[in-house]
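Asks: could you look at this predicted model? Sequence included:
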Amino acid sequence: MGAIQSFFVRSKHWQVFAIVFGLFCCANAVLLLPAFNGPKKSGLSMLDVIGVLTFYACFTMWYWSMGSFICSIVEPTLRPKLRFFCFAIVYPLAYLLVFNLFFDHLTPIVFLAIFPFHLLAMFCLLYTPAFIARNLAVAETGRALRFRDYAGTVFLVWFFPIGIWFVQPRINRLYANPVPVLSC
């Protein structure tokens, strides 16, 4: 387990909240700085992109730490592949950067060309919390589950300001005492 992953998995809920929400507030402050210098041109500046990327990178590290740790303690027969999870973590960040660097003004043709990539980014943003929630529930119960069994956890992971207070203690318990996985 890497240092970043270990930090996020061992941290208490209030520490993760302080880091992620603190970076969210800093990113928003950075986004507001140009407003004090008068009207700004249309589109995002590089400072805007850096602020958003910094927040999203920290938030993504928390997601990646949870997902990869939980997946590592799930029974191998129930464990999904990490490959698409890793892609789903990185793709929206890469898409945001590329989109903001190269597509300042959208024409209808360009919009149609990038629309599938945008849908893929949205799917990845929905897949990541579902992957984490499913693996968390499977790690805690030791058996395969249906979506309705972990749907509440998906929303807790997705709406992190609230969910972090409920999900992170469960991660901490699994880190402190990995549940022995029972075979069915």
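Replies: Arrived safely.

Asks: using neighbour counts, pick out the buried residues of stretch 133-140.
Replies: In terms of neighbour count (16 or more other Cβ atoms under 10 Å), stretch 133-140 has its buried residues at 133-140. To be clear about C-beta, it is placed using only N, CA and C from the backbone, and glycine gets the same treatment.

Asks: please disregard the earlier target; I meant stretch 10-19.
Replies: Within stretch 10-19, the residues that count as buried by 16+ other Cβ under 10 Å are 11, 13, 16-17, 19.

Asks: tell me the two of the residues you listed that are most distant?
Replies: 13 and 19 (11.1 Å; Cβ to Cβ).

Asks: show me which helix runs longest in the protein.
Replies: With secondary structure taken from DSSP state H, the chain has its longest helix at helix 108-141.

Asks: chain center to it, what's the gap?
Replies: Counting by Cα atoms, centre = their mean, to the nearest Å, helix 108-141 is centred 10 Å from the centre of its parent chain.

Asks: give me the mean pLDDT for that helix.
Replies: In this model, helix 108-141 has an average pLDDT of 90.

Asks: offset the numbering so it begins at 53, please.
Replies: I'll keep to 53 as the first residue from here, and by that count the last item is helix 160-193.

Asks: count of neighbours near residue 226?
Replies: 18 (other Cβ atoms under 10 Å).

Asks: that one - nearest residue in space that isn't next to it in sequence?
Replies: If you skip the residues right next to it in sequence, residue 226 has residue 191 as its closest partner in space, 5.8 Å away by Cβ to Cβ, 6 or more residues apart in numbering.

Asks: repeat that for residue 170.
Replies: Using Cβ to Cβ, 6+ apart and skipping the chain neighbours, the partner closest in space to residue 170 is residue 147 (7.5 Å).

Asks: buried residues in the helix or strand where the one you found lies?
Replies: Assigning secondary structure by DSSP states H and E places residue 147 in helix 134-154. By neighbour count with 16+ other Cβ under 10 Å, helix 134-154 contains the buried residues 134, 137, 140-141, 143-145, 147-148, 151-152.

Asks: turn these into CSV, columns for pLDDT.
Replies: Shown next, in CSV, are those (pLDDT from 0 to 100):
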residue, pLDDT
134, 87
137, 92
140, 94
141, 91
143, 93
144, 89
145, 83
147, 88
148, 80
151, 79
152, 71
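
Asks: between these, which is nearest residue 116?
Replies: Checking those against residue 116 by Cβ to Cβ gives residue 141 as the nearest, at 5.1 Å.

Asks: for the spatially closest residue to the closest one that is not a sequence neighbour, the count of nearby residues, please.
Replies: In space, and not counting its chain neighbours, residue 141 is closest to residue 116: 5.1 Å by Cβ to Cβ, 6+ apart. Residues lying near residue 116 (other Cβ under 10 Å) number 22.
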